[in-house]
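Enquirer: what follows is a protein structure lacking sequence information:
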């Protein structure tokens, strides 16, 4: 794993810094674990744009990831580490003794030839890739792909380089420090996978040119001050005019940059022990 930079022989390469993909061991995905992925272009079921500045992008197939780690007590071999265009993390192809194959998120230090296991009752080795309930995991261990409800499948800490730390266990709940530094209670029956997600250099990637953003399905984002008054509250004026509002607003007049949009009485508030904001 590393970052590859280029000589500035073109303007597009001058600031480009991308992954060297050194950890990838298999170039083509497992056909049985693919499913078509339709693009929405930011449009809803009526064909109206509800998420702006999305369009195009390279054609992709979705890789079916086993977030639930369904096969319990069966030891699987890691067959390959693969690239997944639908997420920042790498994925690992694992194979069970009966030749069934699955994709899981690839943690740091997981290599081809390693063995991983998922359990609910038994004690297994604490090593990257093994999945078990929080009751079986020692304090201080970094975990990822964490369930919020038992049996629902991993929902927390699934992107490149992320992990949560198990802080304490008390009264049927485990206290986890989330990647955002928030401390949250999770039922101890929930399962998590040991280790930190791989591809930790993802945050240092520099796209380098507008074209690469378009490959990812992202259109250019137009500033409000560059629009006309009919299109945005910040628009209009002679020359380069300031936005004119006391605070920046959305195209529909709602305050932005710092406005809290979380519901005041959200049902999961009782699970938050310490918020990420002061």
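Expert: Thanks, I have the structure now. All figures in this text were calculated on a predicted structure; none of them were measured in a lab.
Enquirer: any idea which element the residue of the chain positioned farthest from its centre lies in?
Expert: In the chain, residue 238 marks the outermost C-alpha relative to the chain mean, sitting 42.6 Å out by Cα atoms, centre = their mean. Using DSSP states H and E, residue 238 is not contained in any helix or strand.
Enquirer: ok, now how distant is it from residue 248?
Expert: According to Cβ to Cβ, to the nearest Å, residue 238 stands 21 Å off from residue 248. In this view, the C-beta of every residue, glycine as well, is placed from N, C-alpha and C.
Enquirer: sketch out the low-pLDDT regions of this protein for me.
Expert: Per-residue confidence for the chain (pLDDT under 70) gives these ranges: 278.
Enquirer: for it, longest helix please?
Expert: helix 210-215 (DSSP state H).
Enquirer: in that helix, which residues are buried?
Expert: The neighbour-count check on helix 210-215 (16 or more other Cβ atoms under 10 Å) flags residue 213 as buried.
Enquirer: repeat for stretch 233-246
Expert: Those buried within stretch 233-246 under the rule 16+ other Cβ under 10 Å are 233, 234, 235, 243.
Enquirer: return the distance of it from the chain's centre.
Expert: 36 Å (Cα atoms, centre = their mean, to the nearest Å).
Enquirer: how long is that stretch end to end?
Expert: Taking Cα to Cα, to the nearest Å, the first and last residues of stretch 233-246 lie 11 Å apart.
Enquirer: residues in contact with that stretch?
Expert: For stretch 233-246, the surrounding residues in contact (Cβ atoms under 8 Å, 6 or more residues apart in numbering) are 223, 224, 225, 226, 227, 228, 229, 248, 249, 251, 253.
Enquirer: quick one on the thing from earlier: neighbouring contacts of the longest helix of the chain?
Expert: Counting by Cβ under 8 Å, 6+ apart, 12, 16, 55, 56, 57, 58, 207, 219, 220 sit against helix 210-215.
Enquirer: so how far is residue 39 from the third one?
Expert: Applying Cβ to Cβ, the value for residue 55 to residue 39 is 8 Å.
Enquirer: overlap in contacts, the two.
Expert: Counting by Cβ under 8 Å, 6+ apart, the residues touching both residue 55 and residue 39 are residue 217.
Enquirer: now do the buried residues in stretch 66-78.
Expert: Neighbour-count burial for stretch 66-78 flags 66, 67, 69, 71, 76, 78 (criterion: 16+ other Cβ under 10 Å).
Enquirer: what's the most distant pair in these?
Expert: Checking those against each other with Cβ to Cβ, the farthest-apart pair comes out as 67 and 78, at 17.2 Å.
Enquirer: adding secondary structure and distance to residue 196, write the buried residues of stretch 233-246 out as TSV.
Expert: Shown next, in TSV, are the buried residues of stretch 233-246 (DSSP: H, G, I helix; E, B strand; the rest coil; distance: Cβ to Cβ, whole Å):
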residue	secondary structure	distance to residue 196
233	coil	43
234	coil	41
235	coil	45
243	coil	41
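Enquirer: quick check: the farthest pair among the residues you listed?
Expert: Longest span within the buried residues of stretch 233-246, Cβ to Cβ: 235 and 243, 8.9 Å.
Enquirer: re earlier: between the buried residues of stretch 66-78, which sits nearest residue 144?
Expert: Closest to residue 144, out of all of those and judged by Cβ to Cβ, is residue 67, at 10.8 Å.
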